[in-house]
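A.B. asks: what's the 3D shape of this:
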Amino acid sequence: MRKTVLTYGLLSGVIAFGLWYLTQFLMTSPDGKIDMDKGMIYGYATMILSLSMIFFGVRHYRDRYQGGLIKFGKAFWIGFQIALIAAILYMVGWMIYYNTSEVAQQHMVQYGEHMKQEMMESGMSAEELAKKTAAFDKNMEMYKNPFFMAIMTIFEILPVGLIVSLISAFILKKQVVSSE
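C.D. replies: Got it, this is the predicted structure:
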């Protein structure tokens, strides 16, 4: 199981960060402005594509080592481990990129501006806007802490990995049916 989890987890993580890195060019205009709406679409598409390795990893394990039979819990556990490895690789890639690239740091500034603009356009009262903006600024300040940044980055992709693991386990589960 360890070899399958490592192989498919590493593959998923490399694909996740690689595709994410490529999409940065697709959503950045020549003047350096990032299209945040495209970013969300590209981000989730990238996650789903890379995390599809969970399905293939569980299927590989089921067919190669389990004789074509696997229980839901075991399938989910394998999928979760693959997702966790992928999330950790994605986080390491982001941390390196963020700490070595001015473009990545600008990304966070532009993201903050985009979120504040959305809050202003939502029609909330000035008092509520001030409260939400202050909370957002506090979170962005916390993001400067490497530990917090690492945790937040892992939790960008891990929930999607859990969903893909659940779906994969449900699709791939096969149990021995008693002939009684």
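
A.B. asks: For this structure, which helix or strand comes out least confident on mean pLDDT?
C.D. replies: helix 102-121 (a mean of 73; mean pLDDT, DSSP states H and E).

A.B. asks: Please identify the buried residues of the next helix or strand after it?
C.D. replies: Toward the C-terminus, helix 102-121 is succeeded by helix 126-142 as the next helix or strand (DSSP states H and E). Across helix 126-142, burial judged by 16 or more other C-beta atoms under 10 Å covers residue 132. Using the backbone N, CA and C atoms, a C-beta is placed for each residue, glycine as well.

A.B. asks: Nearest the geometric middle of this protein, what residue?
C.D. replies: residue 157 (1.7 Å; C-alpha atoms, centre = their mean).

A.B. asks: which residues sit in contact with that one?
C.D. replies: Shown in contact with residue 157 (C-beta atoms under 8 Å, 6 or more residues apart in numbering): 16, 47, 51, 83, 86, 87, 90.

A.B. asks: Likewise for residue 59?
C.D. replies: Contacts for residue 59 (C-beta under 8 Å, 6+ apart) come out as 168, 172.

A.B. asks: Kindly indicate which of the contacts of residue 157 lies nearest residue 120.
C.D. replies: residue 47 (28.7 Å; C-beta to C-beta).

A.B. asks: Against residue 134, how distant is the closest one?
C.D. replies: Residue 47 sits at a distance of 30 Å from residue 134 (criterion: C-beta to C-beta, to the nearest Å).

A.B. asks: Over to the residue nearest to residue 62 when sequence neighbours are not counted: give its phi and psi.
C.D. replies: Nearest in space to residue 62, with sequence neighbours left out and distances taken as C-beta to C-beta, 6 or more residues apart in numbering, is residue 70 at 4.1 Å. When read as degrees, to the nearest 10, the backbone of residue 70 gives phi -150, psi 140.
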